[in-house]
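1. sharing a model that was predicted from the sequence below.
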Amino acid sequence: MADNLLLATQTGLVVAERAGGAWREVRRALAGQHLTSVIAREGVILAGGRGGVQRSDDLGRTWRPANTGLTQPYVRWLAYHPNHSDFELAGTEPAGIYVSRDGAASWRACPEVAGLRDQHGWFLPYSPGAGCVRGFAFHGDRAYAAVEVGGVLRSDDQAQTWQLVAGSDGNPDLAGPPEPFVYPDIHSLVVPTGRPDVVLAATGGGFYRTDDGGATWKLLVDCYVRAVWVDPANADHILLGPAEDVGERGTVTVSRDGGQTWQPAAGGLAVPWLDDMVERFVLAGDDLLAVLAGGQAFVSPASDNTGWQWQPLLPAAGHVTAAWLLTLTE
């Protein structure tokens, strides 16, 4: 077994290998392209960005466009359906969802998402785009999508059609509705292993949890947050990247009781960061990566046994936006 770490950056893709317990850069690809997402499975790498999707079948050495049917080329997030081969999803800006069942050779738009976007007037506070889809979560045939600024979408037919969950009204008002509704500025979603009706939502108005598939929501932490990670082996073990405001005074905290109480989990980090915060957590084998909004990346063993001790990850990589672990069978 060999591990390749793929880092999407604002200037292309960085490929790294593990050597002596640490990661080292081995090559770069897609020079000059602003990438936002990267995924890999069965030897295929897909990289998404402002210009659409690129596909590589040789570990990132050569690439070809994979945009047939992708009528909105600004891809904000890519995901593989965990239970089906050659089943990919792309979330775009303006807010749209595209589905591929052939390894990204072609894409089909989900028109009901565009309909909801236009009906409710989804938007972005930092861009002229009409909202964006910036995250997916799955359990069996059910899928959820995070819309910034719009709400939580759900599909019960293998991501073929989508609708707002009952606890998300689709109104992008940043004043936000009260509980049991979720705040509409959704940044990422997680479904804990074995709990299909539990969804955790990192939002611009706090950290939320639903136990009924999105019908009702409870605010667990009053903060601004984009990143949440749940231990696949223990759904009560949660890592959060809260901040006091948009990209201000961010830190890392941990809960061991499903989000009821929290403790610091920022060993080795100079927190709070005055003008930064965690954008994404990414599990990479035995490591957990924290990708910051400012482009830095840090790595810690993916275990609470060490008290979460973080070290810089490939500082020369540039402005990192996303990461993915590709494990190769030799």
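-> Arrived safely, thanks for sending. Since this is a predicted model, take the numbers as computed values, not measurements. Residues are numbered from 1 along each chain as shown.

2. contacts and neighbour counts: CA atoms only from here.
-> Will do.

3. name the element the most centrally placed residue in the chain belongs to?
-> In the chain, the C-alpha nearest the mean C-alpha coordinate belongs to Gly135, at 4.7 Å (C-alpha atoms, centre = their mean). Using DSSP states H and E, Gly135 falls within strand 132-139.

4. low-scoring stretches of the stretch 51-200 of the chain, by residue?
-> In the prediction, the stretch 51-200 of the chain carries no residues with pLDDT under 70.

5. and the helices in it?
-> 111-120 (DSSP state H, counting those that start in this stretch).

6. about what we covered before: adjacent strands (with direction) for the strand holding Gly135?
-> strand 142-148 (antiparallel) (DSSP bridges).

7. quick one: contacts of the strand it pairs with?
-> Residues outside strand 142-148 that contact it (C-alpha atoms under 8 Å, 6 or more residues apart in numbering) are 95, 122-124, 131-138, 152-159, 184-189.

8. one step back: do I have it right that the residue nearest to the centre of the chain meets Val190?
-> No: Gly135 lies out of contact with Val190 (C-alpha atoms under 8 Å); the separation is 9.1 Å.

9. OK, contacts around the closest residue to Trp273 other than its chain neighbours?
-> Once flanking residues are discounted, Trp273 sits nearest to Arg249: 4.8 Å by C-alpha to C-alpha, 6 or more residues apart in numbering. Arg249 makes contact with 243, 271-277 under the criterion C-alpha under 8 Å, 6+ apart.

10. what's near enough to touch Cys110?
-> Residues in contact with Cys110 (C-alpha under 8 Å, 6+ apart) are 96-99, 160-162.

11. same list (those) but as a markdown table, adding neighbour count.
-> Putting these into a markdown table (neighbours: other C-alpha atoms under 10 Å) gives the following:
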| residue | neighbour count |
| --- | --- |
| Gly96 | 28 |
| Ile97 | 31 |
| Tyr98 | 25 |
| Val99 | 26 |
| Gln160 | 15 |
| Thr161 | 18 |
| Trp162 | 22 |
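
12. okay but Gly241 is in contact with Thr253, surely?
-> Yes: applying C-alpha under 8 Å, one finds Gly241 in contact with Thr253, separated by 6.5 Å.

13. and the two? which has more neighbours close in?
-> Gly241 (27 against 18; other C-alpha atoms under 10 Å).

14. which SSE is the more buried one in?
-> strand 234-243.

15. contacts for that strand?
-> For strand 234-243, using C-alpha under 8 Å, 6+ apart, the contacting residues are 192-193, 223-231, 249-259, 265, 277-279.

16. ok, 7 Å please
-> For strand 234-243, contacts defined as C-alpha atoms under 7 Å, 6 or more residues apart in numbering pick out 192-193, 223-231, 249-259, 277-278.

17. export that strand to PDB, keeping only CA atoms.
-> The C-alpha trace of strand 234-243 is given here as PDB (Å, rounded to 0.1, in the frame of the first residue of the first chain):
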ATOM      1  CA  ASN A 234     -17.100   7.200  17.700                       C
ATOM      2  CA  ALA A 235     -19.900   9.600  16.700                       C
ATOM      3  CA  ASP A 236     -19.700  11.400  20.100                       C
ATOM      4  CA  HIS A 237     -16.100  12.500  19.300                       C
ATOM      5  CA  ILE A 238     -16.400  15.700  17.300                       C
ATOM      6  CA  LEU A 239     -13.800  18.300  16.300                       C
ATOM      7  CA  LEU A 240     -15.000  21.900  15.500                       C
ATOM      8  CA  GLY A 241     -13.200  24.900  14.000                       C
ATOM      9  CA  PRO A 242     -15.200  27.800  15.600                       C
ATOM     10  CA  ALA A 243     -14.500  31.500  15.200                       C
END
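
18. each with direction, which strands does that strand pair with?
-> strand 224-231 (antiparallel), strand 253-255 (antiparallel).
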